[in-house]
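Asker: Dropping a prediction and its sequence here:
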Amino acid sequence: MFKISDFSKLSRVSVKTLRYYDQIGLLRPAHTDGDSGYRYYTADQLYRLHRILAFKDLGFTLEQIGPILDEVSCEEINGMLRLKQAELQQKVLEEQARLARIEARVQQIRLEEGKAPVSEPVFKSIDAELAATLRVQVPRSHIGQLAAEAERYAREQGAAPGPLVVQWHDCGLPDGRVDIEVGILLGKRIREDGRFRVTALPEMPLVASFLHRCDPWGVCRASSQLARWIETNGCRIADGLPQRELFYPEAEGEGTGALRHAELLIPVERIID
């Protein structure tokens, strides 16, 4: 048998940790001297210690590891590992989304400091455009899923997906929902599937247009920037037409980051003194 100090060197686990594992009943010494209190371990216990460390590395708590080693069958362990795998995958997705929001915020700060190249807002008119759209009342968090669904639908119909289009009809519904229309601009007419409607988006006689880069489903302050520009240029927001956003596919070589080229279109009318 090995003294705890020697077992610590063999296992590369500190004496303090080994004592703690003994205290909580996770790894008892093979023998404890009744007079001196010295702990002794056998080489076979290295196998149990290595399993403890392996499960700990996979994200299990010490409270979970004890029953896994002593009571749980191999089939149950496999199920627990699958659950842990799904949990970690979800955390990865959440952290990736967090990174995207951080990058979008960094970009926004650069915009506010005037360090990021963007176009100046302009007034222009928009012709009617063919699109496949779906109008629903959902929480804002569903917009990304709807956009992905619209892209899949266009591809399934043999159409190359154009820019994503989002039309905001009402942002003040109860429970944080929005009345929104999400879809894809089309180069040709495709058949409807009962869920998506293929129609011409109405023309917009006069809009304030702002080209910028942003995270499509994150926080974007382009609307506040454009609203200030509208106020200072003798116009006001027009009633009757929804605000429209277009998100353009990344050009080859630009990467597939969280930020995309976007165009915000706000219907306006000139103020007559």
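Answerer: Sure, I can see it. Residues are numbered from 1 along each chain as shown.

Asker: Apart from its chain neighbours, what residue comes closest to residue 260?
Answerer: residue 247 (5.1 Å; CB to CB, 6 or more residues apart in numbering). All C-beta spots, glycine's among them, are computed from the backbone N, C-alpha and C.

Asker: give me phi/psi at the one you found?
Answerer: The phi/psi pair for residue 247 (degrees, to the nearest 10) reads phi -120, psi 120.

Asker: Contacts only, for it.
Answerer: Taking CB atoms under 8 Å, 6 or more residues apart in numbering, we find residue 247 in contact with 147, 163, 164, 165, 166, 216, 260, 261, 262.

Asker: So the second one versus residue 213, what's the distance?
Answerer: As for residue 163, its distance to residue 213 is 14 Å (criterion: CB to CB, to the nearest Å).

Asker: circling back to that earlier point, just give me the least confident of the contacts of residue 247.
Answerer: Least confident entry in the contacts of residue 247, by pLDDT: residue 216, with 67.

Asker: Of the contacts of residue 247, grab the buried ones for ChimeraX.
Answerer: Entered in ChimeraX, the line below selects the buried ones among the contacts of residue 247, by 16 or more other CB atoms under 10 Å:
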select :147,163,164,165,166,216,260,261,262
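
Asker: Now tabulate the contacts of residue 247 in CSV and tack on distance to residue 183 and secondary structure.
Answerer: Compiled in CSV, the contacts of residue 247 are given as follows (distance: CB to CB, whole Å; DSSP: H, G, I helix; E, B strand; the rest coil):
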residue, distance to residue 183, secondary structure
147, 9, helix
163, 10, coil
164, 8, strand
165, 5, strand
166, 8, strand
216, 13, coil
260, 16, strand
261, 18, strand
262, 15, strand
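
Asker: what does stretch 154-165 contact?
Answerer: Taking CB under 8 Å, 6+ apart as the rule, stretch 154-165 contacts 129, 131-133, 147, 150-151, 181-188, 190-191, 193, 201, 216, 244-249.

Asker: Mind checking which of those residues land in strands?
Answerer: The members of the contacts of stretch 154-165 that map onto strands under DSSP state E are 129, 131-133, 181-185, 201, 244-247.

Asker: Check what pLDDT the residue nearest to residue 197 when sequence neighbours are not counted gets.
Answerer: Of all residues not flanking residue 197 in the chain, residue 133 sits nearest, at 5.8 Å (CB to CB, 6+ apart). Note on residue 133: pLDDT of 94.

Asker: how about residue 133, what does it touch?
Answerer: Residue 133 makes contact with 150, 165, 167, 181, 182, 183, 184, 196, 197, 199, 201 under the criterion CB under 8 Å, 6+ apart.

Asker: cool, residue 267 as well?
Answerer: With CB under 8 Å, 6+ apart, residue 267 has these contacts: 204, 206, 207, 237, 238, 240, 241, 242, 243.
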